[in-house]
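Visitor: Need coordinates for the below:
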Amino acid sequence: MNKKSIIAVKKIVLALSASALLLGSTVSLANESADSKRGGYSKMEHQHKSPRHKLKMMAKVLDLTQEQQTQIRALFTENKQLAKTNRASMKQFKEQVKLLIEAEVFDEAAFMQLHQENQTQFISEALMRAKTKHAVFNILTAEQQTKWQEVSQLMRK
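Guide: Below you'll find the predicted structure:
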C-alpha cells in the first residue's frame, strides 16, 4: 500500500469511529430519556393505584362529604387487610409462572394446572374488588353515582 491509500484508510476509519461514537452517545441519551420517562410514568401509575390517591381523586371529582370519605376509607382499610392475606399465595403463584416461562421448554400442561389450582384465589380477589366497588357506589348519592358512571366511561376510552 502506498502512503496516500494508508492516509485514506485512516481517514475512513477515523470517520467511522467518530460516527459510531456520535451514534452511540445519541442512543445512550435516548435510552436515558426513555428510562426517565418510564420511571416517571410507572411512579405516576403506582400513585394512581394507591387507595389514598383514589380516595383523594374521588373526593375531588365527586365532591364527597367528610362522612362519605370516612366510610370509603374504612372500606379501603378493610380490603387492605384482606389483600395482605392473599399476597403471599399470589407471590408464590407468580414465582411458579416465572419458572415455567424461564424453562428451556414451555410446559403448557403445567401452566394450565397452575392456573387451575389458583382459580379460587383469582375468583376471591375479583369478588373482593367487585364488592368494594359496589359498596363505594352505594355510599354515593344519585348525582354522584351518575357522575361516577360518566367519569368511568371517559376513563375507558
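
Visitor: what bits of this structure have low per-residue confidence?
Guide: The chain contains residues with pLDDT under 70 at 1-49.

Visitor: Outline the domain layout of it.
Guide: The record's domain parsing of the chain by automatic domain parsing lists 1-48, 50-156.

Visitor: List the buried residues of the host helix or strand of T132.
Guide: T132 belongs to helix 119-139 when assigned by DSSP states H and E. Buried residues in helix 119-139, counting neighbours by 16 or more other CB atoms under 10 Å, are found at 132, 136, 139. For every residue, glycine as well, the C-beta is placed using N, CA and C.

Visitor: And it, what does it pack against?
Guide: Applying 3 or more CB pairs under 8 Å, 6 or more residues apart in numbering; DSSP states H and E, we find helix 119-139 packed against helix 66-102.

Visitor: quick check: angle from the helix it packs on to helix 119-139?
Guide: Angle, helix 66-102 to helix 119-139, by axes from the mean of the first three to the mean of the last three CA atoms, to 10 degrees: 160 degrees.

Visitor: same for helix 66-102, what does it pack against?
Guide: For helix 66-102, the elements it packs on are helix 51-62, helix 108-117, helix 119-139, judged by 3+ CB pairs under 8 Å, 6+ apart.

Visitor: Please name every helix or strand in contact with the second one.
Guide: Meaning helix 108-117. Helix 108-117 packs on helix 66-102, going by 3+ CB pairs under 8 Å, 6+ apart.

Visitor: Tell me what angle the helix it packs on forms with helix 108-117.
Guide: Using the same axes, to 10 degrees, helix 66-102 lies at 160 degrees relative to helix 108-117.

Visitor: Nearest residue to F106 in space, please, no chain neighbours.
Guide: L100 (6.7 Å; CB to CB, 6 or more residues apart in numbering).
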